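In: one predicted model, sequence on top.
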Amino acid sequence: MNDTPRIRTVLSCTLLAAAVTAAAGGCSGTDGHPLSAKPYDATSEVSFNIPSGSKKADPHKPLEVTAKGGDGRIADVTAVDEAGRHLAGELSADGARWRSTAPLTAGTRYEVRVATEDDDGAPGVRTVTFETSPAKAALTVKFGPQAGKYGVGQPITAELSQPVGDKAARAVVERALKVRSTPSVEGGWHWVDDKKLHYRPKVYWPTGAVVEATGNLAGLRVGDKLYGAPVKPLRLTIGDRIEAVADAGSHQMTVTRNGKVINTIPVTTGKPGFSTRNGIKVVLGKEYFVRMRSTTVGIAEGSSESYDLPVYYATRVTQSGEYVHAAPWSVGSQGFANVSHGCVGMSTGNAQWFFETVRPGDIVRTVNSLGDTMDTFGNGFGDWNMPWEKWVTGSALTGSAGRPLSPAATARLRPSV
């Protein structure tokens, strides 16, 4: 910027103060500096490219402020929308023109304050307000799960109403979606695909934490003529750290609460050909009664592996039908052999205790099974099986989230009991 007028004025005031004493009243302001004077009304000195009257501005066009005539220049411009978001812009070197460099928010009201200087360095100000037209296409975001109390392994999900594949557009969305935990923990978003994000901490949520997800997306330009809609916030509370480890080798499940063992249960896991998935799973829900039929998972009725059983105290850990449940028909094998079709089976009494002890978000981990590792996405919450260093690469802000990840598990359904 050309600050010559200001420098010249300040020097003249300084010299005047040195030559004269208290009579240095020739300079504006109580302390002799022209910028300490009360700003004058600069209405006649600046113009805007916004519609007059009640017409609304097009959010696709940049905001421009121009100094009229040659009597002064623009010193600064501040434009803020109703949500308190500042509009970025650039001021020309000669102070003749300011132009926004970020998209305007759609369907909102802006307050613009323009600071000016005349040729003598005296400050002026002009403030205007205007509204932008609402968006024709809106991107909505729905947080999950439902508000409530969950275990330490519960991820936060964000479902988008429209696909967002461009990395720059993803960055706009991700910056607007905030997750805060009290106490605070390190965490991050990971793009599962073009329409879904998951948020998890680096390690499990702290016991007793309060987790809040909010969105500041309303009116933000995400892509060409696509703007964000208001986002309903979400609040979760986190319970005790309940972890269940099913060892397919020893046929035992060890359950801990906040690091202390509270039960050891004889179990049976998946037999060869139907081995239980290794790795960390998160409790998805609990069903007191489930009718489990082999035909729903591709096993032909009447075959040697077919079944049709009433199952009680069923705690679901995958979308494809893996449960921890009561299996009174296999009590003789529990603690000794793996005879199930992929689920973790136990006695009815133990299954009832487990059912009443855990909640959605609690951790169930299988070790020493011959099965594959639980998929990260697509079959429940396998988020914790991905190392943190890889997780952060799925962020549009810090990683390489431009390529959606394929939820392969949805194509590999396995029998249940």
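Out: Good, I have the coordinates.

In: identify the residue nearest the residue nearest in space to the middle of the chain in space, chain neighbours excluded?
Out: In the chain, the C-alpha nearest the mean C-alpha coordinate belongs to residue 177, at 4.1 Å (Cα atoms, centre = their mean). Once flanking residues are discounted, residue 177 sits nearest to residue 215: 5.3 Å by Cβ to Cβ, 6 or more residues apart in numbering. (Each C-beta comes from the backbone N, C-alpha and C, glycine too.)

In: and the pLDDT for the residue nearest to the centre of the chain?
Out: On pLDDT, residue 177 comes in at 98.

In: that one contacts residue 217, doesn't it?
Out: Yes. Assessed by Cβ atoms under 8 Å, residue 177 is found in contact with residue 217 at 7.2 Å.

In: got any residues that touch both of those two?
Out: 141, 231 (Cβ atoms under 8 Å, 6 or more residues apart in numbering).

In: quick check: the residue nearest to residue 177 touching residue 179?
Out: No. Contact criterion Cβ under 8 Å: residue 215 and residue 179 do not qualify, at 10.2 Å.

In: buried ones in stretch 89-104, by neighbour count?
Out: The neighbour-count check on stretch 89-104 (16 or more other Cβ atoms under 10 Å) flags 89, 91, 95-96, 98, 100, 103-104 as buried.

In: so can I have JSON lines of those showing pLDDT?
Out: Output for these, formatted as JSON lines (pLDDT from 0 to 100):
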{"residue": "89", "pLDDT": "96"}
{"residue": "91", "pLDDT": "96"}
{"residue": "95", "pLDDT": "93"}
{"residue": "96", "pLDDT": "94"}
{"residue": "98", "pLDDT": "97"}
{"residue": "100", "pLDDT": "96"}
{"residue": "103", "pLDDT": "90"}
{"residue": "104", "pLDDT": "93"}
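
In: the residues you listed in strands, which ones?
Out: The strands, defined by DSSP state E, take in 89, 91, 98, 100 from the buried residues of stretch 89-104.

In: and the closest residue to residue 226 other than its chain neighbours, how far from residue 273?
Out: Closest residue in space to residue 226, ignoring its immediate chain neighbours: residue 137 at 4.9 Å, by Cβ to Cβ, 6+ apart. For residue 137, the distance to residue 273 equals 49 Å [Cβ to Cβ, to the nearest Å].

In: and for residue 348?
Out: Residue 348 sits 26 Å away from residue 273, going by Cβ to Cβ.

In: same check on residue 99?
Out: Counting by Cβ to Cβ - residue 99 and residue 273 are separated by 67 Å.

In: okay, and the helix or strand of the protein with the least pLDDT?
Out: helix 4-19 (a mean of 37; mean pLDDT, DSSP states H and E).

In: all helices for the stretch 151-300 of the chain, in order.
Out: Using DSSP state H, counting those that start in this stretch, the helices of the stretch 151-300 of the chain run over residues 167-176.

In: where exactly do the strands run in it?
Out: 156-160, 177-182, 187-193, 196-201, 210-215, 221-223, 226-228, 234-238, 242-247, 252-257, 260-266, 279-282, 285-293 (DSSP state E, counting those that start in this stretch).

In: what's the most buried one of those?
Out: Most buried of those by mean neighbour count (mean count of other Cβ atoms under 10 Å) is strand 279-282; its value is a mean of 24.

In: that strand pairs with which strands?
Out: In the sheet, strand 279-282 lines up against strand 363-367 (antiparallel) (DSSP bridges).

In: ok, residues contacting the strand it pairs with?
Out: By Cβ under 8 Å, 6+ apart, strand 363-367 touches 151-153, 204, 241-249, 269, 276-283, 315, 317, 324, 344, 358, 374, 384.

In: quick one, it and strand 242-247 angle?
Out: Strand 363-367 and strand 242-247 are oriented at 20 degrees to each other (axes from the mean of the first three to the mean of the last three Cα atoms, to 10 degrees).

In: and the angle for strand 363-367 with strand 252-257?
Out: 150 degrees.

In: next SSE downstream of strand 363-367?
Out: As assigned by DSSP states H and E, the chain's next helix or strand after strand 363-367 is helix 388-391.

In: what residues sit buried inside that following helix?
Out: residue 391.

In: what's the spacing between it and its chain's center?
Out: On the basis of Cα atoms, centre = their mean, to the nearest Å, helix 388-391 sits 16 Å off its chain's mean C-alpha point.

In: give me the pLDDT value at the nearest residue to residue 248 once chain neighbours are set aside.
Out: Nearest non-adjacent residue to residue 248, counting by Cβ to Cβ, 6+ apart: residue 369, 3.9 Å away. Looking at residue 369, its pLDDT stands at 97.
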